[in-house]
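In: got a predicted structure plus its sequence, pasted below:
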Amino acid sequence: MKNYTSIQDIDNINSWIEEAKALKASPLKHLALGANKTIGLLFFNSSLRTRLSTQKAALNLGMNPIVMNVSGDAWGIEFEDGSVMNGGTAEHIKEAAAVVSQYCDIIAVRAFPTLTDKPKDESEQVINSFIKHASVPIVSMESATGHPLQALTDAVTISEFSKVAKPKVVLTWAPHVKALPHAVANSFTQAMQKMDVEFVITHPEGYDLNPEITRDSPIIYNQDEAFANADFIYAKNWSSYSNYGKILNSDLDWMVSAEKMKLTNNAKFMHCLPVRRNLVVSDAVLDSENSLVIQQANNRTFAAQTVLKKILENL
Amino acid sequence: MKNYTSIQDIDNINSWIEEAKALKASPLKHLALGANKTIGLLFFNSSLRTRLSTQKAALNLGMNPIVMNVSGDAWGIEFEDGSVMNGGTAEHIKEAAAVVSQYCDIIAVRAFPTLTDKPKDESEQVINSFIKHASVPIVSMESATGHPLQALTDAVTISEFSKVAKPKVVLTWAPHVKALPHAVANSFTQAMQKMDVEFVITHPEGYDLNPEITRDSPIIYNQDEAFANADFIYAKNWSSYSNYGKILNSDLDWMVSAEKMKLTNNAKFMHCLPVRRNLVVSDAVLDSENSLVIQQANNRTFAAQTVLKKILENL
Amino acid sequence: MKNYTSIQDIDNINSWIEEAKALKASPLKHLALGANKTIGLLFFNSSLRTRLSTQKAALNLGMNPIVMNVSGDAWGIEFEDGSVMNGGTAEHIKEAAAVVSQYCDIIAVRAFPTLTDKPKDESEQVINSFIKHASVPIVSMESATGHPLQALTDAVTISEFSKVAKPKVVLTWAPHVKALPHAVANSFTQAMQKMDVEFVITHPEGYDLNPEITRDSPIIYNQDEAFANADFIYAKNWSSYSNYGKILNSDLDWMVSAEKMKLTNNAKFMHCLPVRRNLVVSDAVLDSENSLVIQQANNRTFAAQTVLKKILENL
């Protein structure tokens, strides 16, 4: 594996999950692997978990992390080929990616979608420009349409907490006040499609994800029905895909509440965080013993460490 | 000791001072103690000395520091329990503190007061929320009402430069153009109350600090009288406590000048920095041989290193 | 050598070039030299290459880099002696430089010119204040009038790619939409004057650099004429020096194009980056095999490592 920018870069998800669990058991076992190697973490957008867990994963492998907030620390990057750069951008991605490759053995990038320009977002211009113009491996720390480090984390967490051979996993839309990306929902869907689970998606009408991603995963527009017998409830808000980037609905009845959780098979609650309390999920659910959100956050380190280890072994 | 968020967390200030001096003499002696351990430095406010000295202290103990400007690098944190998060904050401290605890062995936090909401500031909402919701030790890098790393530094510096058994130490208010917190003055007062010094506080009327902190420390409203025979002059501005957060007085006669210093017993001059020249203190005093401000700044490293060493030994 | 703030701090440029090449061949050979030593990188302005390459150079020498964006992470610094600090600045450089010296074994500083106040810029107030008030070595990461790390990089790159004993090197002005500093052009000129090259400067009338820097280097106002038989074309925009900081000309005919490059002796193209495509230089030139811009960026690490190694050896 050279780059890790999509959950589809995982050849065998079960073996990756086992590797992450092994790293969690012995996080410092491969401290020599990344010695004197540098990872550049480039943030075009805000980050807390990804910022810290990816640094921690790199440190656990002996690497030196270098963090840069691109717009604040440097300047505007141009992504359009052939443009006459007489406007607001000061450096083309052709140079930026090639230059950062001179200093870093791996480059990790976070770049959110516009949520206004669907073709541009779907072209994954930023992350794909890095892949094209960098000479070192690229890791997505969440791109316009996917968040593969999060999805690997979620797969590890479901594997850890599953009590049955084939658990029922429900991805549920939940309300929010801001228009949010589809990245987490997309990658989670793709991860579940690779695992031996009964996977169901539920959301209000108008919130269907990209059908090229959901494929034959069942979609139920009735949340109560979807929750029946669920072993895992994974909540996430996203904006409309068909009516791109729009908020169609802020129906608080879709909030994951204690009453809703009673419909499940004593399901575990999951969310990638950050989560808005009493909007996406009620305090009672998040503060219950069934909430796995902190364990998920912890697994971010070992998902990232799995990815970085595989890349380092291939350098 | 688990947390260090108040000067009251020091059991025996003289033994801590000796430990800091020993670390200053051999800063790298305990390089193995923090190996492969991570400290997260979370800044809700600006910092220069604290930012650099705490990193240096951690490095001297072999730790990996990870620095984050919370609002710029991540997003608004919600501190109110039970709130419906449909406003400007994106993550609750319950999650934020628990999550950062997954990646860091120690969390250090800087969060200034509002200076408009006295009960909120006195509740120490930010630092106490971290103590409550984090699963790792918390260190204050200055909170709403205290700056205990600075006060330990100051205690070490006074111990180093004291020429008499029981020196006279004067904390003097000085003018400023901005409303400043009480944190440094509070913690310095509490540190002096623990040491074998003759401690006096002087400020204009209306600037009395919280009486629960000053307790029986003598307060003199006449700066000249207070300065008589002083061995150490510690200057600091703070806003009014009774008329909370207000600037009542910008009387430049309270500036520490060479003339004022002549009233003392050839006193050493101290300030936590940053200091506004020719407003808080004159160039002549700050540039004199009696100024200890740079030595204080140097001791910040060893005060922080003392605290981190004690926490690491207890992990 | 104590400080490195000007290309004139280089005693023998050929020996420095050889040292940089040796470090490029064995970057980790001196990993023990900087162990447990700290370099503070203080940015008053944005940076990408310098930010990353200087960290990489420090890591290659075993040092711990600490990065600070001065205005965002800390606060306004006062540089005027004797000022009454009742305005926007919170800390005087006298304290700031002395304090940072307590935590860092070397301080590197980036501070751009005003481009409105020529005497102030030429006094190099920021970098010279650090030299005056810090107690540790100072490295310029680009100051008001010079960029000596870039110029050493460029000297190394020309040495690597030169096919003849005495190559013809042309520094050419190129158009831009913003008023840019003279720093890169100044230091490049000074570096070329130290090397065994045929050095020519070309720019439109009104763009003459400081004559104290260009001295007897030939200046040709006709770009085509200057390009004849050139082995290296070094492009850079700068604002007017005589009509200080002004943009007099945005004549796109000065853009380095494929046609212009045909006038040369199959010259290599150089630029310090960031570069605005199709304004300073055309895509065709930048994307050609003759472009050395990425190799230059790579050499930034080894130029910085040469400087830091020499300073560390002298500590």
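Out: Arrived safely.
In: next, the closest residue in space to A:H30 that isn't next to it in sequence: phi, psi?
Out: Nearest residue to A:H30, sequence neighbours excluded (Cβ to Cβ, 6 or more residues apart in numbering or on different chains): A:L61, at 5.5 Å. The way it works is simple: take the backbone N, C-alpha and C, and place the C-beta from them, glycine included. Main-chain torsions, A:L61, degrees, to the nearest 10: phi -100, psi 10.
In: could you export the worst-scoring helix or strand of chain A on mean pLDDT as PDB, CA atoms only?
Out: Ranking every helix and strand in chain A by mean pLDDT, DSSP states H and E puts helix A:70-73 at the bottom, with a mean of 87. The C-alpha trace of helix A:70-73 is given here as PDB (Å, rounded to 0.1, in the frame of the first residue of the first chain):
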ATOM      1  CA  VAL A  70      -2.000  25.500   5.900                       C
ATOM      2  CA  SER A  71      -4.000  28.800   5.600                       C
ATOM      3  CA  GLY A  72      -2.900  30.300   9.000                       C
ATOM      4  CA  ASP A  73       0.700  29.200   8.900                       C
END
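In: what about the next helix or strand after that helix, near chain C?
Out: Where DSSP states H and E defines the elements, the next helix or strand beyond helix A:70-73 is strand A:77-78. Yes. Using Cβ under 8 Å from any Cβ of the partner chain, strand A:77-78 reaches chain C at A:E78.
In: for the helix or strand following strand A:77-78, which strands pair with it and how are they oriented?
Out: Per DSSP H and E, the first helix or strand lying C-terminal to strand A:77-78 is strand A:91-92. Using DSSP bridges, the strands paired with strand A:91-92 in its sheet are strand A:77-78 (parallel).
In: wait, doesn't A:N249 sit right on A:Y221?
Out: No. With contacts counted by Cβ atoms under 8 Å, A:N249 stays clear of A:Y221, the gap being 11.4 Å.
In: picking up where we left off before, list the buried residues in the least confident helix or strand of chain A.
Out: For helix A:70-73, burial by neighbour count (16 or more other Cβ atoms under 10 Å in any protein chain shown) applies to A:70, A:73.
In: which residue, other than its chain neighbours, is closest to the residue sitting furthest away from the middle of chain A?
Out: What lies farthest from the middle of chain A is A:N86; by Cα atoms, centre = their mean that is 34.9 Å. Nearest residue to A:N86, sequence neighbours excluded (Cβ to Cβ, 6+ apart): C:V177, at 4.8 Å.
In: the one you found: neighbouring residues, count only.
Out: 14 (other Cβ atoms under 10 Å in any protein chain shown).
In: show me the contacts for it.
Out: In this structure, C:V177 makes contact with A:86-87, C:247, C:250, C:276, C:279, judged by Cβ atoms under 8 Å, 6 or more residues apart in numbering or on different chains.
In: what about A:P204, distance to B:V99?
Out: Distance, A:P204 to B:V99, using Cβ to Cβ, to the nearest Å: 29 Å.
In: one more: A:A174?
Out: Counting by Cβ to Cβ - A:A174 and B:V99 are separated by 19 Å.
In: backbone dihedrals for A:F269, please?
Out: When quoted as degrees, to the nearest 10, the phi and psi of A:F269 stand at phi -100, psi 130.
In: kindly apply the preceding question to A:T38 instead.
Out: The phi and psi values for A:T38, taken as degrees, to the nearest 10, are phi -120, psi 140.
In: would you mind confirming that it makes contact with A:A108?
Out: No. Applying Cβ under 8 Å as the test, A:T38 and A:A108 come out as separate, 11.3 Å apart.
In: who's more crowded, the two?
Out: Each of A:T38 and A:A108 has its neighbours counted (other Cβ under 10 Å); A:A108 has more, 28 against 21.
In: pLDDT at that one, what is it?
Out: Note on A:A108: pLDDT of 98.
In: identify the bridge partners of it.
Out: Here A:A108, judged by DSSP bridges, has bridge partners A:L41, A:V139.
In: would you mind measuring from it to A:A134?
Out: 11 Å.
In: over to A:F302?
Out: 25 Å.
In: which bits of the stretch 101-250 of chain A sit near chain B?
Out: The interface of the stretch 101-250 of chain A toward chain B, taken as Cβ under 8 Å from any Cβ, is made up of A:V177.
In: which residues of the stretch 101-250 of chain A lie near chain C?
Out: Counting by Cβ under 8 Å from any Cβ, the stretch 101-250 of chain A sits next to chain C at A:102-104.
In: which among those residues gets closest to C:I93?
Out: The closest of those to C:I93 turns out to be A:Y103 (Cβ to Cβ; 29.9 Å).
In: surely the closest one and A:T38 touch.
Out: Yes. Counting by Cβ under 8 Å, A:T38 is a contact partner of A:Y103 at 6.5 Å.
In: for the two, list the residues in contact with both.
Out: Common neighbours of A:Y103 and A:T38 (Cβ under 8 Å, 6+ apart) are A:66, C:56.
In: in stretch A:133-144, which residues are buried?
Out: Neighbour counts over stretch A:133-144 (16+ other Cβ under 10 Å) mark A:133-134, A:136-144 as buried.
In: restricted to helices, list these.
Out: A:H133 (DSSP state H).
In: how about the strands of the stretch 51-200 of chain A, start to end?
Out: Counting by DSSP state E, counting those that start in this stretch, the segments of the stretch 51-200 of chain A that form strands are A:64-69, A:77-78, A:91-92, A:106-110, A:138-140, A:168-173, A:198-202.
In: now the next helix or strand after the last one: how far from the chain's centre is it?
Out: Using DSSP H and E, the helix or strand that follows strand A:198-202 towards the C-terminus is helix A:211-214. Relative to the chain's own centre, helix A:211-214 is displaced by 17 Å; criterion: Cα atoms, centre = their mean, to the nearest Å.
In: may I see the buried residues of helix A:211-214?
Out: Neighbour-count burial for helix A:211-214 [16+ other Cβ under 10 Å]: A:213-214.
In: where along chain A do the helices fall?
Out: Using DSSP H, helices in chain A cover A:13-25, A:49-60, A:70-73, A:93-103, A:118-122, A:125-133, A:148-161, A:183-194, A:211-214, A:223-227, A:258-261, A:283-286, A:293-314.
In: which one of those helices has the lowest average pLDDT?
Out: Minimum mean pLDDT among these: helix A:70-73, a mean of 87.
In: does any bit of that one sit next to chain B?
Out: Yes. Helix A:70-73 is in contact with chain B by Cβ under 8 Å from any Cβ, via A:G72.
In: for A:I138, which residues are in contact?
Out: Here A:I138 is in contact with A:3-5, A:106-109, A:127, A:130-131 (criterion: Cβ under 8 Å, 6+ apart).
In: can you do 6 Å?
Out: If a contact means Cβ atoms under 6 Å, 6 or more residues apart in numbering or on different chains, then A:I138 has A:3, A:107, A:130-131 as its contacts.
In: list just the nearest of those to B:D196.
Out: Nearest to B:D196 out of the contacts of A:I138 is A:I107 (Cβ to Cβ; 56.9 Å).
In: contacting residues for that closest one?
Out: By Cβ under 6 Å, 6+ apart, the residues touching A:I107 are A:40, A:100, A:134, A:136, A:138.
In: repeat that for 10 Å
Out: Applying Cβ atoms under 10 Å, 6 or more residues apart in numbering or on different chains, we find A:I107 in contact with A:3, A:38-42, A:66, A:97, A:100-101, A:130-131, A:134-139.
In: same check on A:I233?
Out: Applying Cβ under 10 Å, 6+ apart to A:I233 gives the contacts A:168-172, A:174, A:202, A:223, A:226-227, A:256, A:260-261, A:263-264, A:267-271, A:281, A:285, A:290, A:292.
In: ok, back up a step: hang on, isn't the residue farthest from the centre of chain A packed against C:N237?
Out: No. In terms of Cβ atoms under 10 Å, A:N86 does not count as a neighbour of C:N237; the distance is 11.8 Å.
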